[in-house]
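1. Generate coordinates for the sequence data below:
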Amino acid sequence: MSGTMNRAATGTFAILVTSFLWGTTGTAATFAPDAGPLAIGAAALGIGGLLQAAIAVPALRRSVSRLRVNAGLIAVGALAVAIYPLAFYSSMYLGGVAIGTVVSLASAPLASGLLERLLERRALSRWWMLAALLGIAGSALLCASRAGRRRPRRRAPSPASRWAWSQASPMPSIRGSCTG
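-> So this is what the prediction gives:
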């Protein structure tokens, strides 16, 4: 029994440490004056991805046949995982750490619920709809509260960041709505 308790305590501690470190990434990124958000996101994806892949090698080897059967789904998941850090750090840069974090965290349950509805055909509960409505309204109010204000730039974006942002934002009128 003590072995099980020790494993549970170790797992809980690992989750708490990981949560703390993850929760500081947006703030830490603001102190990297010479690195743009895409560079920070790419570094996080590269370093974190390599570490996770190294840890997962034994499980990946055991699951090769199941992975091949679900190759399309895995490709979609890999694309989403690749896009997330780039979008996350760009939101920190453009909206500030507080707003970027709130909007990023609020969008995850919304996307999960919609995917569950579309893919698994599960009905969305009234509580989910209320929570989604409040999350969307809160995010919109946060963006609207900063729409007229200009905040000083902490750093000039790199040429690569400016180019990527110009490619990712085809509608210039929306591009600045949450940047304050």
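
2. CA atoms for contacts and neighbours, from now on please.
-> Will do.

3. Check which helix or strand Ile47 maps to.
-> Secondary structure from DSSP states H and E places Ile47 in helix 37-62.

4. what's that helix packed up against?
-> Identification of packing neighbours for helix 37-62 by 3 or more Cα pairs under 8 Å, 6 or more residues apart in numbering; DSSP states H and E yields helix 71-95, helix 159-168.

5. Could you identify which of the ones you listed is most buried?
-> Mean neighbours per residue, mean count of other Cα atoms under 10 Å, is largest over these for helix 71-95, with a mean of 16.

6. right, and the helix or strand after that one?
-> That would be, after helix 71-95 and using DSSP H and E, helix 97-120.

7. Next, the residues that contact that following helix from outside, please.
-> Residues from elsewhere that reach helix 97-120 (Cα atoms under 8 Å, 6 or more residues apart in numbering): 26-27, 30, 88, 91-94, 122-124, 128, 132, 135-136, 139, 142-143.

8. in it, what counts as buried?
-> 97, 99-101, 103-104, 106, 110, 113 (16 or more other Cα atoms under 10 Å).

9. After the helix holding Ile47, which helix or strand is next?
-> Counting by DSSP H and E, what follows helix 37-62 is helix 64-69.

10. Please work out the average pLDDT along that following helix.
-> Mean pLDDT, computed over helix 64-69, is 93.

11. So what's the gap between that helix and the chain middle?
-> 27 Å (Cα atoms, centre = their mean, to the nearest Å).

12. Got phi/psi on Arg122?
-> Torsion angles at Arg122 (phi, psi; degrees, to the nearest 10) stand at phi -80, psi 140.

13. okay, now it: neighbour count?
-> 12 (other Cα atoms under 10 Å).

14. Could you measure from it over to Gly113?
-> 9 Å (Cα to Cα, to the nearest Å).

15. before we move on, back to that, by mean pLDDT, show me the worst of the helices and strands packed on helix 37-62.
-> helix 159-168 - the lowest mean pLDDT of the helices and strands packed on helix 37-62, at a mean of 55.

16. low-scoring stretches of this protein, by residue?
-> Within the chain, the segments meeting pLDDT under 70 span 1-3, 23, 146-180.

17. residue contacts, Met92?
-> Contacts of Met92 (Cα under 8 Å, 6+ apart): 26, 30, 37, 98-101.

18. hmm, 10 Å instead?
-> Neighbour list for Met92: 25-27, 29-30, 37, 98-104, 179 [criterion: Cα atoms under 10 Å, 6 or more residues apart in numbering].

19. Pick out whichever of those sits closest to Ala75.
-> Ser104 (22.4 Å; Cα to Cα).

20. Distance check, the closest one against Gly48.
-> Ser104 is 19 Å from Gly48, where distance means Cα to Cα.

21. What are the contacting residues of the helix or strand hosting Phe13?
-> Using DSSP H and E, Phe13 sits within helix 2-23. Helix 2-23 is contacted from outside by 28, 101, using Cα under 10 Å, 6+ apart.
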